[in-house]
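[1] no sequence on this one, just coordinates:
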């Protein structure tokens, strides 16, 4: 049911009530500073924006609890207790699904043996490999790729340029943004010192070209992505050497997140932009990694752990621990270390003064 | 006007004059160590390369002020005062626009309602969504995507694999490199603690599947990119929840830069590779962020600020401030802190010595 | 030769011998916890997995030296001395080349003058620019791009969405993963202070639009990639201003690695995920950069250097040096600095105590 909505309908979705004329009609949800028409609705969380409500032609607003519009500025308002949650509900009403008419665009390529569920949309110039399977209601937007034998669940949304590798398995309601890569090979090599030239020779000619330097370890495994996962633009998730790299149900990965091979991530985690997880790491559920966090290979991060932005992890993190810093420490220690560092100039001066004083005392005693 | 040029023509473009034969013809601009023909021109900024000019077959060079070729090595030269600026002018002469014949390639898909300006080039296998508008002289290279209702200005250059999301607005003379993503959804969720189960239920079935974990906040806003912006390969700019994420005129973003939702960036900024800006940050004009800088959400960075490579920002930065470090400090403080840290081993020894000496003094007094 | 293999055949490839029935047949190589059929082979490196071998239906395993299966758990086993190297050999046997039938897919676009070697596979919706040259046995997977006049060697594997820019040169047996960008323009500008308005004017109208702010320095150079290089998903390598950005034979770059313009990298280097190298850096051979390392422009890193994860480099690194930290220090110094920092709280307490004691001593003397 698209716009317009009455304020009464919107209030019902928000589980709140209307002050003023509940029959007013809403056509668009706009930013407070960009709203320009009386039938725009705005959502106000900041007191300074609430104070300026009289300056706009807008007559209707959703207000975070505690905010008030100047007298006479609005004809109707809805006050919500949990503003960010209400914002989520409200935005769902006005969200527009990207252009994705059901059916297969005539320029898309669907290889033999591919199975498409009911209502699937395959966009222009998309590629569906042999024997891939795509669940009902899923939209593969223009120029995306689904590799051979991949399995995509129902009601997924795969944006342009998404690359799903061969045999990768993806759950239901998964959203993958522009140019993300799921299922590239792991970054896995052995160095010459680990190699026996004799053993290499027995691998035949295809090995010999590479034995001078690093030897590649192939990735015959896959990636398994749970239901309700969301993956950001230009993110990259490597397949496992053997078995699967696993992203648990409900986990959200931001843009440019890199997940190495053999990694296992639990449910409902949040990894912000540019987080990098090296190979074979195990992450629990509900773990929050802020932007640019780096995690060294083979570490274990427990459930409900929280890691501050830019932190570098070289040690396991216990369940529920909050860590930060490079290298990461428990957050209270990291903050104390920063405070200590700020006191360092004074310590240096104090030590110099003490040395002079003690030297004088020692001299006094020896006289 | 493509090559060949006479040296006189080149000198005119550089606002400089020719020493020697101004009628010599230049076919190619080459790296000093790769030039191989007498009609190659080289550009020399390094003294050690100037000293070796006699070794090459090249007879003509542009020299940075202060450099001299060995006697007899050149038949003609042009000396320039601002070498890097002159290099820019010179490279423009020899730059070749990527293959992009005007018109729509027969394999491109242009949906209903799309408007293409004069001289537009739509490359092979590109996709132009419904009602998109593309200004005169813009080239959309092969396999790029312009989403429904997007607006692209004139004389833009969009490289293969660029994804411009629906309703995104892009100015004139904008360059976007391979596989960059403009307009993916913001990384925005509310956690269960913020959610009321009752409110969620009133949102209907589409909410219930997700309420067990994180609740998604949709992005109905857009991205607005000013004139003369350049965006690097694999960069990602998220759309706003409501309103627009804004990149100001003349700003340049390097490869892998990540710009979160609701961010506003001023004019003529320079963000180097892998910089990450979290949601709702406000950046002024002429701000320089070196590589891998991370900026936490909702911060404000003033005009003309400079941030050193790899810095992590958790506090606002004043206009004109130069900061560095993790966490970032004013640069002079950051450098002093590093120097203090280097003195720490000596301080530890000094304190140990002082403890012994003072213990001895105290013992002496008590005897 | 695809599966099935006999254990004897597998042992021959591994340069090892079979304990037990060498005639057993292997159909699949599986993860120990996912193997489900008697003809699965598993590879066991972890003692805890070896101890559980009896729980699985699997009857054959490759074991790292020193591991033993519970009595009666296996019908046959192969013990290997260098497990990771053996894993590489074994995975090669079971690796499946991505779907890439020889020939040109009817939806691919191959422009005039392009030359394709014997057995080349050009996937669906791929684009091969004018006069590009692709060596025998190379597979360009669906929706990849090879720019005009690019040169690709033989037996390469270019995954979907890979963008190879115009005139880029790539050696033999090179693997490039999803959505990597090779040959975008360098991030190179001059600031107004370096610019003379007079010189700018002489550059004509195309300059004037930009002179208000930053002036672009074009990239007329290219990228040269040696044999046996592997490049990760969403990596980006910029072309040189003049001459070439060079990646030496055998070097491996992980996902999201960023290589700036004019950079030169030697042979057999390993750069892990999200490493960023600024412009004009020179890296020797066999250099290892762990994840998220950042290298400032124009630095020189010697052969066999090793840099710890997340390090920031602002100084050259000598051959064979091991450095770590932000900013990077020799690793022993970096570790000592961390230890010193951990002792800082005690030092602060000690200095406070010393000040009290010395004050008392001074007072005692003055009495």
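    Okay, I see it. In this text the structure is predicted, and so the values were computed from the model without any measurement.

[2] Show me chain A divided up by domain.
    A:5-94, A:103-329, A:339-367 (automatic domain parsing).

[3] Would you point to the one among those that's packed deepest?
    Sort the domains of chain A by mean neighbour count, taking mean count of other CB atoms under 10 Å in any protein chain shown, and domain A:103-329 sits at the top with a mean of 23. For glycine as for every other residue, the C-beta is placed from the backbone atoms N, C-alpha and C.

[4] Show me which residues of the stretch 151-300 of chain A sit near chain B.
    For the stretch 151-300 of chain A, the contact set with chain B under CB under 8 Å from any CB of the partner chain comprises A:159-161, A:173, A:175, A:177-179, A:227-228, A:230, A:232-234, A:249-250, A:252, A:254-256, A:267-268, A:270, A:272-274, A:286, A:290-292.

[5] quick revisit: need the domains of chain A in a markdown table with mean pLDDT, can you?
    Compiled in a markdown table, the domains of chain A are given as follows (pLDDT from 0 to 100):
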| stretch | mean pLDDT |
| --- | --- |
| domain A:5-94 | 92 |
| domain A:103-329 | 92 |
| domain A:339-367 | 90 |
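
[6] Determine which of those approaches residue B:136 most closely.
    When those are compared by CB to CB, domain A:103-329 sits nearest residue B:136, at 24.2 Å.

[7] Output the set of residues of the stretch 1-150 of chain A in proximity to chain C.
    So far as CB under 8 Å from any CB goes, the stretch 1-150 of chain A lies against chain C at A:107, A:109, A:111, A:125, A:127, A:129, A:130, A:143, A:145, A:147, A:148.

[8] Now with 10 Å, please.
    Residues of the stretch 1-150 of chain A found near chain C (CB under 10 Å from any CB of the partner chain) are A:107-111, A:124-131, A:143-149.

[9] Those residues in helices, which ones?
    With helices taken from DSSP state H, there is no overlap with these.

[10] From these, list the ones also adjacent to chain B.
    Applying CB under 10 Å from any CB to these, those adjacent to chain B are A:107, A:108, A:124, A:125, A:126, A:143, A:144.

[11] In contact with the third one: list those residues for me.
    Spelled out, that is residue A:124. A:99, A:104-108, A:141-143, A:160, B:108-111, B:125-129, B:145, C:125 (CB atoms under 10 Å, 6 or more residues apart in numbering or on different chains).

[12] tell me the phi and psi of it?
    The phi/psi pair for residue A:124 (degrees, to the nearest 10) reads phi -60, psi 140.

[13] Next one: it relative to residue A:99, how far apart?
    10 Å (CB to CB, to the nearest Å).

[14] which residues are common contacts for the two?
    Common neighbours of residue A:124 and residue A:99 (CB under 10 Å, 6+ apart) are A:141, A:142, B:111, B:129.

[15] List just the nearest of those to chain C.
    Ranked by distance to chain C (CB to the nearest CB), the shared contacts of residue A:124 and residue A:99 are led by residue A:142 at 10.4 Å.

[16] show me the contacts for the residue nearest to the closest one when sequence neighbours are not counted.
    Nearest residue to residue A:142, sequence neighbours excluded (CB to CB, 6 or more residues apart in numbering or on different chains): residue A:123, at 3.8 Å. Counting by CB under 10 Å, 6+ apart, residue A:123 makes contact with A:98-101, A:104-105, A:107-108, A:139-144, A:158-160, B:109, B:127, B:129, B:145.

[17] what's the answer for residue A:14, then?
    Neighbouring residues of residue A:14 by CB under 10 Å, 6+ apart: A:62, A:78-82, A:85-87, A:89-90, A:93, B:199, B:202-203.

[18] Work out the gap between stretch A:358-367 and the centre of the chain.
    Distance of stretch A:358-367 from its chain centroid, counting by CA atoms, centre = their mean, to the nearest Å, is 65 Å.

[19] again, but for stretch A:317-330
    For stretch A:317-330, the distance to the chain centre is 20 Å (CA atoms, centre = their mean).

[20] Tell me if that stretch is near chain B.
    Yes - Stretch A:317-330 lies within reach of chain B by CB under 10 Å from any CB, at A:324, A:325, A:326.

[21] In the stretch 201-350 of chain A, what residue spans correspond to helices?
    A:205-211, A:331-366 (DSSP state H, counting those that start in this stretch).

[22] In CSV: the ones you listed, plus distance to residue C:318.
    Shown next, in CSV, are the helices of the stretch 201-350 of chain A (distance: least, CB to CB, whole Å):
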stretch, distance to residue C:318
helix A:205-211, 28
helix A:331-366, 28
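
[23] For residue C:28, which of the ones you listed is the nearest?
    Smallest distance to residue C:28 across the helices of the stretch 201-350 of chain A (CB to CB): 20.8 Å, for helix A:205-211.

[24] Quick check: closest non-adjacent residue to the residue in chain A that chain C sits nearest to.
    In chain A, the residue that lies nearest chain C is residue A:243 (3.1 Å; CB to the nearest CB). In space, and not counting its chain neighbours, residue A:243 is closest to residue C:31: 3.1 Å by CB to CB, 6+ apart.

[25] Look up how far residue C:37 lies from that neighbour.
    Going from residue C:31 to residue C:37 by CB to CB gives 13 Å.

[26] which residues are common contacts for the two?
    Counting by CB under 10 Å, 6+ apart, no residue touches both residue C:31 and residue C:37.

[27] give the contact list for the residue nearest to residue A:243.
    Residue C:31 sits in contact with A:221, A:240, A:241, A:242, A:243, A:244, A:262, C:40, C:42, C:43, C:49, where contact means CB under 10 Å, 6+ apart.
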